[in-house]
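Q: For reference, the sequence and a predicted model appear below.
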Amino acid sequence: MRVENFIEEIKTLGIQTIAGIPDSALQPFCNYLNGETHEFRHFVPANEGAAVGIAIGNYLSTGKPACVYMQNSGIGNIVNPVTSLANEAVYDIPMLFVVGWRGEPGKKDEPQHCFMGKITRDILNVLQIPNAVLSADTAEEEIKKIFKEAGQALSEHKQYAVIVKRDALTSDMGNSYQNAFTLCREEAVSAIIKSVSAEDVIVSTTGKISREVYEQCDKIVGHHRQAFLTVGGMGHAGMIAFGIAQQRKDRQVYCIEGDGAVLMHMGELVFLGKQQPENFIHICLNNDAHESVGGMPTGVAGQNFFEIARACGYPYAACIDSLRELKVELEKIRKMKKAAFLEVKVKLGARTDLGRPKESAVENRNNFMTYHFPEIIR
Ligand SMILES: Cc1ncc(C[n+]2csc(CCOP(=O)(O)OP(=O)(O)O)c2C)c(N)n1
């Protein structure tokens with residue numbers, strides 16, 4: 001289905017406000033919304049739950065439903081505001097969800113998508129959100145029927161979800177977003193891996209950064225057992241790294257995150273700034289975008305994360321945008337023995353032949369634990 005037609009259907013539901021977190025399966029939709037040719041109010045907040053908040057406030061102030069879009073992993077972030085606020089047993093707020101379907105049963109996908117992919121419709125059903133699936137071969141009359149059902153549901157104060165399969169939406173419009181930085185993210189990852197010692201623990205974030213960490217570890221160290229890849233649970237790498245750092249004060253822990261992930265659960269910065277673990281080095285590779293799912297800008301592009309970290313109480317916070325400065329800072333912070341936050345401004349883009357982890361997630365977990373903490377593996 002052409003994205004322009006999809007947008008027209010959304011408009012006919014009386015929707016004027018759209019908020020969400022981008023997804024690769026929704027690229028044409030997100031690119032359209034990031035363009036300048038539409039009249040929607042469009043917001044990309046910190047996480048999907050926050051987008052539900054915008055939709056609720058939008059309804060309270062206009063009486064009109066809003067649209068909230070997300071990858072199906074984001075359903076995890078909407079469960080609380082949907083069940084305890086928007087549900088008919090509480091404030092009874094209608095809204096339309098557009099959900100990208102990763103881990104669709106029968107299709108090969110990464111481990112982090114499999115379980116959520118399998119239960120996506122079940123969860124929506126449990127949440128009392130009627131739903132329908134849009135695929136590349138959904139016939140026109142079927143699409144009309146889906147949006148008629150959606151309109152009916154919204155008019156009855158129900159929520160409704162359109163689950164969008166990869167390739168269901170088409171467009172001629174690409175992602176045009178760029179930032180002004182020149183440092184390549186993978187080069188930054190490579191410099192970080194080169195600067196760590198064999199005992200240091202690495203925890204990396206959701207998306208391509210972890211795939212780059214995996215490949216650069218192989219290339220530089222000869223294996224990737226040193227790194228825990230936070231393949232799902234976007235925004236939780238910081239707390240995973242802290243969970244290790246507080247137990248193992250004898251180890252330097254490096255947490256490598258993207259700006260979208262830091263933003264998603266930014267409370268971690270306030271917590272870490274208060275805890276100030278001496279063995280914690282937090283690195284944010286900031287490209288102002290959700291690059292891994294198509295390079296759409298975050299809702300806070302231009303923000304300086306190191307200033308936020310400093311205000312949150314990190315004893316050391318700095319920002320750099322060149323390889324030369326990165327090397328100097330990495331050298332400096334590993335000697336400091338205090339919680340440090342390093343913001344690295346990077347350009348968009350990744351290698352087209354960037355690989356994916358070859359082992360199962362459990363194998364990687366076991367390898368990581370055996371490498372760092374062999375005494376606990378029986
Ligand atoms: C809860 C949740 N929402 C959305 C996604 C889809 N997703 C995977 S990676 C990613 C972008 C990550 O952006 P950032 O942390 O800035 O790193 P970048 O890819 O830009 O390097 C998104 C939105 C997800 N995995 N989980």
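A: Right, received. Where do you want to start?

Q: Near the ligand, which residues of the stretch 201-350 of the chain are found?
A: 205-209, 234, 258-261, 285, 287, 289-293 (C-beta under 6 Å from any ligand atom). Every C-beta, even on glycine, is put in place using the N, C-alpha and C of the backbone.

Q: Just the ones of the residues you listed in helices?
A: Cross-referencing these with the helices (criterion: DSSP state H) gives 208-209, 259-261 as the overlap.

Q: Let's see if you can find the most crowded of those.
A: Of all those, Gly260 has the most neighbours under the rule other C-beta atoms under 10 Å, reaching 30 neighbours.

Q: Excluding residues flanking it in the chain, which one is nearest that one?
A: His290 (4.6 Å; C-beta to C-beta, 6 or more residues apart in numbering).

Q: Then Leu96?
A: In space, Leu96 comes closest to Cys67 once its chain neighbours are excluded; the distance is 4.5 Å by C-beta to C-beta, 6+ apart.

Q: neighbours of the one you found, just the number please.
A: 25.

Q: Need the three-state assignment for it.
A: Under the three-state scheme (DSSP: H, G, I helix; E, B strand; the rest coil), the conformation of Cys67 reads as strand.

Q: Repeat that for Phe181.
A: Secondary structure of Phe181, reduced to three states by three-state DSSP: coil.

Q: What residue in the stretch 151-300 of the chain comes nearest to the ligand?
A: Of all residues in the stretch 151-300 of the chain, the one sitting closest to the ligand is Gly258 (2.3 Å; C-beta to the nearest ligand atom).

Q: If that residue is in a bridge, with which residues?
A: Gly258 forms beta bridges with Leu285, as assigned by DSSP bridges.

Q: low-scoring stretches of the chain, by residue?
A: Counting by pLDDT under 70, the chain contains low-confidence ranges at 378.

Q: Domain map for this protein?
A: Recorded structural domains for the chain (assignment: automatic domain parsing) are 3-164, 185-376.

Q: Now do the strands in the stretch 101-250 of the chain.
A: Listed in chain order, the strands found in the stretch 101-250 of the chain under DSSP state E, counting those that start in this stretch are 131-134, 160-164, 201-204, 227-229.

Q: still on that earlier bit, between the domains of the chain, which one is closest to Gln178.
A: domain 185-376 (6.3 Å; C-beta to C-beta).

Q: Can you give me the first-to-last residue distance of that closest one?
A: Counting by C-alpha to C-alpha, to the nearest Å, you get 34 Å between the two ends of domain 185-376.

Q: Centre of the chain to it, how far?
A: For domain 185-376, the distance from its own C-alpha centre to the chain's C-alpha centre is 14 Å (C-alpha atoms, centre = their mean, to the nearest Å).

Q: Now restrict the residues of the stretch 201-350 of the chain next to the ligand to buried residues only.
A: By neighbour count, with 16 or more other C-beta atoms under 10 Å, these hold 205-209, 234, 258-261, 285, 287, 289-293 as buried.

Q: still on that earlier bit, need the domains of the chain in TSV (columns: distance to Ser176).
A: Listed next are those as TSV, based on distance: least, C-beta to C-beta, whole Å:
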stretch	distance to Ser176
domain 3-164	7
domain 185-376	9
